[in-house]
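>>> Pasting the sequence and the predicted model now:
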Amino acid sequence: MQNNKSSRLLRLSIAALLFALLLIPTAVLAQSDFSLNINKIIGYGVGNQIAGTFNISVVGPEDQISSVTFMIDGQSMGEVAQAPFRLRFETSKFSTGPHAFTAAVTLKNGTIVEVGPSNYVIPTAEQQRSGVTKILFPILGIVVVALLISTGVQFLTSRRKGGSAEPGTARNYGMLGGAICPKCHHPTPRHPYGLNMITGKLDRCENCGKWSIMRAAPIDVLRAAEQAERDELKSAAAVPEKSEEEKLREMLDRSKYTDQS
């Protein structure tokens, strides 16, 4: 009799153990199959700070999901009963400070899986301004350094006092286009290191070497200016320079008509 009771107790213990072994891996697997994502639509997002319009979603095998209830600090934000299991929310509806986002995933077999938490902070306006400043200052510093390096390279590689462009040559104006220099009235490319201004680009002329506001000119205007340079060079070459003897003779001839009284 005692042996029968012991045998039944042993069988019940084995059955309970097998049942537990079957349940525990299933629960662990379900937990590992899903994750919680929060993605920005528009607004502020630096590190774990979020402010604006965001999507919260469950990532995992959607064919196993029946519905998802999204929660913030244990309070329901809304339920989604069809794929994609994603909910849009505004942080302005919640208080500033730290929050824990979670999701209760109901599977098609009736199992409920808790996903999360994902911890985020909804910052104050002052914290947002401070975060933006920390991002912008390094970026602006990099831009300024890049401009200085580019400008230095441009000056070091220029062999002529005025600039590097030979008069009359066809320039390659690139993506930024070219301009007619307001100082020397010759065509010049606009450079990446130039500073964008309201009325044009503060840039350096490759002909005279001076800085001024360069307004982008159409390519036909630039080519016409190049042709004008070539015509000017031809005109100068057509009139030979006088020799020293000819210059001296002219001075003597002019002296004949000088009033000697």
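Structure's in. What do you need? Numbers count the residues shown, from 1 in each chain.
>>> Who does Cys106 form a beta bridge with?
Not quite, residue 106 is Thr, not Cys. Here Thr106 sits in beta bridges with Ser67, Ile112, going by DSSP bridges.
>>> Verify the stated contact: it with Val68.
Yes - distance between Thr106 and Val68: 7.2 Å, which falls inside the contact criterion (CB atoms under 8 Å). Every C-beta, even on glycine, is put in place using the N, C-alpha and C of the backbone.
>>> More neighbours: the two, which one.
Shown here are Thr106 and Val68; by other CB atoms under 10 Å, Val68 has more neighbours (28 against 16).
>>> from memory that one sits against Thr102, does it?
No - judged on CB under 8 Å, Val68 makes no contact with Thr102 at a distance of 10.6 Å.
>>> what number of residues lie near Asp73?
When neighbours are defined as other CB under 10 Å, Asp73 has 13 of them.
>>> ok, it touching Ser95?
No - Asp73 lies out of contact with Ser95 (CB under 8 Å); the separation is 9.5 Å.
>>> quick one: Gly131 and Gly168, what's the gap?
Per CB to CB, to the nearest Å, Gly131 is found 54 Å from Gly168.
>>> can you pull out the helices in the stretch 151-261 of the chain?
219-238, 244-256 (DSSP state H, counting those that start in this stretch).
>>> and the shortest one, how far out from the chain's middle?
Same thing as helix 244-256. Helix 244-256 sits 70 Å away from the centroid of its parent chain (CA atoms, centre = their mean, to the nearest Å).
>>> Flag every buried residue along that helix.
For helix 244-256, the buried set under the neighbour-count rule, 16 or more other CB atoms under 10 Å, is empty.
>>> Show the contacting residues for Asn39.
Counting by CB atoms under 8 Å, 6 or more residues apart in numbering, Asn39 touches Phe54, Asn55, Ser57.
>>> Same check on Lys183?
Going by CB under 8 Å, 6+ apart, the list of residues near Lys183 reads Cys205, Cys208, Lys210, Ser212.
>>> which pair in those spans the largest distance?
Cys208 and Ser212 (9.2 Å; CB to CB).
>>> Now list whatever residues contact both of these two.
Common contacts of Cys208 and Ser212, defined by CB under 8 Å, 6+ apart, comprise Cys181, Lys183.
>>> Give me the below-cutoff pLDDT ranges for this structure.
Applying pLDDT under 70 to the chain flags residues 1-32, 150-165, 237-242, 254-261.
>>> try 80 this time
1-32, 131-141, 143-169, 235-261 (pLDDT under 80).
>>> mind giving me the domain ranges of it?
The chain is divided into the following domains under automatic domain parsing: 1-33, 35-123, 127-157, 159-238.
>>> tell me the secondary structure for Glu126?
helix (DSSP: H, G, I helix; E, B strand; the rest coil).
>>> Test my guess that Lys210 contacts Arg204.
Yes - judged on CB under 8 Å, Lys210 makes contact with Arg204 at a distance of 7.2 Å.
>>> So for these two, which residue has more residues nearby?
Set side by side, Lys210 and Arg204 show more neighbours around Arg204, with 22 against 13, by other CB under 10 Å.
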